[in-house]
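Participant: Need coordinates for the below:
(2 chains)
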Amino acid sequence: MAIEFKNPVLKWIEYRLPIFSFINDSVGTNYPTPRNLNYWWNFGSLAGVVLGILIVTGIFLAMNYTANVDYAFISVERIMRDVNYGWLLRYLHMNGGSMFFILVYIHMFRGMYYGSYKAPRELLWMIGVFLLLAMMATAFVGYVLPWGQMSFWGATVITNLFSAIPLIGESIVTWLWGGFSVDNPTLNRFFAFHYLLPFIIFGLVVVHIWALHVHKSNNPLGIDPKGPEDMIPFHPYYTIKDIFGMAVFMVFFLWFVFFAPDFFGEADNYIEANPMVTPTHIVPEWYFLPFYAILRAFTVDFLWIPAKLWGVIGMFGSVLILLFLPWLDRSKVRSAKFRPYYRMAFWIFFANSLVLGYVGSQPPEGFLITLGQWATGYYFAYFVIIIPLVSLLEPARVLPDSIAQAVMKPVAAETGEGR
Amino acid sequence: MAIRSACLSLGLIIALAVAGPAQAEVGGGKVETQKWSFGGIFGNYDRAQLQRGFQVMKENCAACHSLEYVYFRNLGEPGGPEFSVEEVKALAADVEVIDGPDDAGDMFERPGLPSDLMPPPFANDNAARASNGGALPPDLSVIAKSRTYKRGFPNWVFDLFTGYQEQGTDYLYALLTGYEEAPADFAVLEGLSYNTVFPGHQIAMPAPLFEDGIEYNDGTKATVEQMARDVSAFLMWAAEPHLEARKRIGFQVIIFLIIFAGLFYATKRKIWSRVKH
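Facilitator: The predicted structure follows:
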């Protein structure tokens, strides 16, 4: 909707490039948003801001970083010591990566709880899954760059997974490495990828938001807006709410940066990479731990497929299965608020994810192997058995007639989360 | 309600945050938590301690261990031992550094300058190994951040709030004071020493500190514990030279953000009071 400006300059620009109306239609007074979004809807914009912080700090770090096996480790130390506020740039970037995953995981759990992946938002959800994959790839190659022991050995272990692919596996690994072990060519290309991928993530975010703006946000009730009385303009209501959430989140984020900067890190990564010395316990970054647990859960060869290949299939499958979630869930009701059985299964799934994370952080010994296998079993059963069955068998609750009705008469439809 | 939701969100974030971090296994004996002047969120370095620690480093450790990321000038910079400009120049001039090539193409030795890195004790790793029974004495620049011990649950959760970041120095102190006679049933290999906290209990470094092994410039009694404490603190500074600036700026930023968040919350309530929600 074009805006009528009095100011001749604005009028001149708007006539030729309707950028002001574009902004107003995207995040302004002309973008209608359900009036009942709760604070769980803050996490998407927060993730966007952290992506921005990561890109900006990353560009400045790249100005001072040297992608060479002889200089990578020391160039990071020089950033920490001699670059003005280099320690701040690096700690923001390091912890920013962890924050990005925390926010995105919460964002995804929110989408699962409130059924945001259901029609007509299936593509929006799927683009989100591709975003997660791109984030994982970026984080993985980024962790190699400081060239510490965990960088080197993490890269070695994970790239070696591709060798499980029959026939061409070994060739793929050699091709990935650019040699016969993780070495200088690997570091160089990982640096190139680590610079490239965030811009692909940025592009995917644009498409993600584009898809979002077609059918607008889902909401805690999971019902479609019936009319203008269900909506409020994005600005000022959600701009101020997002900014408030931002300030609270920044306290959380910067606490780590300033007071516990190495909390998410591994002490071993302050030892320069040494191909001759293997760390006693190789662990990936925390945000990969649940997937790492799934990788290691497969300990037996079966169906003519070796355990290692099962592990790799399981690990990639655990992310890719999310792409099918919109069709695995047959229920027309979106929000878990009105789906008591689904809600229970969801919370078990959430706890199960934490269990997988714990198992992934520990050496695979004794009881933990069994626990990891059961948790992996539940992870997949949740998607392929529990969700389809629950969505078919669950007795549906009565949904409120409209968002406005639910908001105006809170007693009628337990909408405590309106604020 | 808003507060409740916010608390829930924060709770979840914390739950997610604490669920993750892996505990690196060191596999040695028990490491005691020590009190450090730079510990926690309020801690700062103790200048006198860092100066003493440097003296231990210089007179004791530097015979075998390099400190290759540290410049002499760092010793005089704010937030560190803060030696005076003259002291830094004198300390640098104490060592001979190799420079060159000169106009004739030859390398030459000259007295050190504050802009020089601290020279390593050995020309290369092989030379270091040859002089140390095959073991390579590690560089100590970031040793205080590259060593740790298992904190265990729930300690590492509390660490997040107390800002405990001293696993490295606690471990170093425990290591340096952890030399004892091996238990009768424990066979220590030739050339190795028994240590209570070192992984596997057999360490190539012989006990490095001895009572009155050095004479402190400030007259402090040089007990093994005192030297271990001082040099551990010095190595923390060497690994994290901007710790004081980080915490100082951290307080400014966090306090600003809390006030900011409060103002935004009030604004948010005011704006949202226009609609029923």
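Participant: Just give the closest residue to residue 215, not the sequence neighbours.
Facilitator: Picking chain A for this. A:Pro120 (5.1 Å; CB to CB, 6 or more residues apart in numbering or on different chains). (C-beta placed from N, C-alpha, C; glycine too.)
Participant: wrong one, chain B
Facilitator: Per CB to CB, 6+ apart, closest to B:Glu215 is B:Ala222, 6.6 Å.
Participant: give the contact list for residue 204.
Facilitator: No chain was given, so I picked chain A. A:Ile127, A:Phe130, A:Leu131, A:Ala134 (CB atoms under 8 Å, 6 or more residues apart in numbering or on different chains).
Participant: wrong chain, I was asking about chain B
Facilitator: B:Asn132, B:Gly133, B:Gly134, B:Ala135, B:Gly191, B:Leu192, B:Ser193.
Participant: Sort out which one of those lies nearest chain A for me.
Facilitator: B:Ala135 (12.5 Å; CB to the nearest CB).
Participant: Tell me which residues touch the closest one, please.
Facilitator: B:Arg129, B:Ala204, B:Met205.
Participant: And for the residue nearest to A:His215, the neighbour number?
Facilitator: 11 (other CB atoms under 10 Å in any protein chain shown).
Participant: Which residue ranges of chain A form strands?
Facilitator: Counting by DSSP state E, chain A has these strands, from start to end: A:32-34, A:231-233.
Participant: could I get the ones you listed as a markdown table with mean neighbour count and mean pLDDT?
Facilitator: Shown next, in a markdown table, are these (neighbours: other CB atoms under 10 Å in any protein chain shown; pLDDT from 0 to 100):
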| stretch | mean neighbour count | mean pLDDT |
| --- | --- | --- |
| strand A:32-34 | 19 | 94 |
| strand A:231-233 | 20 | 93 |
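Participant: Next, format the ones you listed as a markdown table and append distance to chain B.
Facilitator: Conversion of the strands of chain A to a markdown table gives the following (distance: least, CB to the nearest CB, whole Å):
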| stretch | distance to chain B |
| --- | --- |
| strand A:32-34 | 10 |
| strand A:231-233 | 6 |
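Participant: Now tabulate these in CSV and tack on distance to A:Tyr105.
Facilitator: Output for the strands of chain A, formatted as CSV (distance: least, CB to CB, whole Å):
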stretch, distance to A:Tyr105
strand A:32-34, 23
strand A:231-233, 28
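Participant: and of these, who's closest to A:Gly317?
Facilitator: strand A:32-34 (34.0 Å; CB to CB).
Participant: about what we covered before: and the residue nearest to A:His215, how far from A:Ser391?
Facilitator: For A:Pro120, the distance to A:Ser391 (CB to CB, to the nearest Å) stands at 17 Å.
Participant: before we move on, what about A:Phe152?
Facilitator: Taking CB to CB, one finds A:Phe152 at 45 Å from A:Ser391.
Participant: quick one: which of the two has more around it?
Facilitator: A:Phe152 (30 against 18).
Participant: ok, back up a step: drop anything exposed from the contacts of B:Ala204.
Facilitator: Taking 16 or more other CB atoms under 10 Å in any protein chain shown as the criterion, what is buried in these is B:Asn132, B:Leu192, B:Ser193.
Participant: Quick check: the residue lying closest to A:Ile19 once chain neighbours are set aside vs B:Asn132, distance?
Facilitator: What sits nearest to A:Ile19 in space, not counting adjacent residues and going by CB to CB, 6+ apart, is A:Ile13, at 6.9 Å. Using CB to CB, A:Ile13 is found at 72 Å from B:Asn132.
Participant: of the strands of chain A, which approaches B:Val142 most closely?
Facilitator: For the strands of chain A, the distance to B:Val142 is smallest for strand A:32-34, at 48.5 Å, taking CB to CB.
Participant: what about whichever helix or strand B:Ala266 is part of, distance to the chain center?
Facilitator: Using DSSP states H and E, B:Ala266 sits in helix B:243-272. Here helix B:243-272 is found 30 Å from its chain centre; the criterion is CA atoms, centre = their mean, to the nearest Å.
Participant: again with stretch B:92-102
Facilitator: Using CA atoms, centre = their mean, the distance from the centre of stretch B:92-102 to the centre of the chain it belongs to is 28 Å.
Participant: ok, residues contacting that stretch?
Facilitator: Contact partners of stretch B:92-102, identified using CB under 8 Å, 6+ apart, comprise B:72, B:106-114, B:116, B:118-119.
Participant: Surely A:Phe346 and A:Tyr113 touch.
Facilitator: Yes: using CB atoms under 8 Å, A:Phe346 is in contact with A:Tyr113, at 5.8 Å.
Participant: who touches the most centrally placed residue in chain A in this structure?
Facilitator: By CA atoms, centre = their mean, chain A has its centre lying nearest to A:Val104, at 3.6 Å. By CB under 8 Å, 6+ apart, the contact list for A:Val104 reads A:Phe43, A:Ala47, A:Leu131, A:Leu132, A:Met135.
Participant: again, but for A:Leu161
Facilitator: Contact analysis of A:Leu161 by CB under 8 Å, 6+ apart lists A:Leu295, A:Lys308, A:Gly311, A:Val312, A:Met315.
Participant: same question, A:Asn84
Facilitator: With contacts defined as CB under 8 Å, 6+ apart, A:Asn84 has no neighbours.
Participant: quick one: the helices in the stretch 251-400 of chain A?
Facilitator: For the stretch 251-400 of chain A, applying DSSP state H, counting those that start in this stretch gives helices covering A:289-297, A:307-320, A:325-328, A:340-361, A:367-381, A:387-393.
Participant: ok so, going back, ok, the contacts of stretch B:92-102 vs B:Leu172, which is closest?
Facilitator: B:Met118 (18.4 Å).
Participant: Just give the closest residue to that closest one, not the sequence neighbours.
Facilitator: B:Leu67 (4.7 Å).
Participant: and that neighbour, that one's in a helix?
Facilitator: No: with DSSP: H, G, I helix; E, B strand; the rest coil as the criterion, B:Leu67 is coil rather than part of a helix.
Participant: and it, how many neighbours?
Facilitator: 24.
Participant: thought it was touching B:Asp139?
Facilitator: Yes: when contacts are counted by CB under 8 Å, B:Leu67 is listed as touching B:Asp139 (6.9 Å).
Participant: Kindly give the local confidence score, pLDDT, for the residue in the stretch 101-250 of chain B that chain A sits nearest to.
Facilitator: Closest residue of the stretch 101-250 of chain B to chain A, CB to the nearest CB: B:Gly250 (2.7 Å). B:Gly250 is assigned a predicted lDDT (pLDDT) of 95.
Participant: what's the answer for B:Tyr216, then?
Facilitator: Reported pLDDT for B:Tyr216: 93.
Participant: pretty sure it is touching B:Val231, no?
Facilitator: No: judged on CB under 8 Å, B:Tyr216 makes no contact with B:Val231 at a distance of 11.8 Å.
Participant: returning to that earlier point: mind listing what's buried in the helix holding B:Ala266?
Facilitator: B:243-244, B:246-247, B:249-250, B:253-254, B:257, B:260-261, B:264-265, B:268, B:272.
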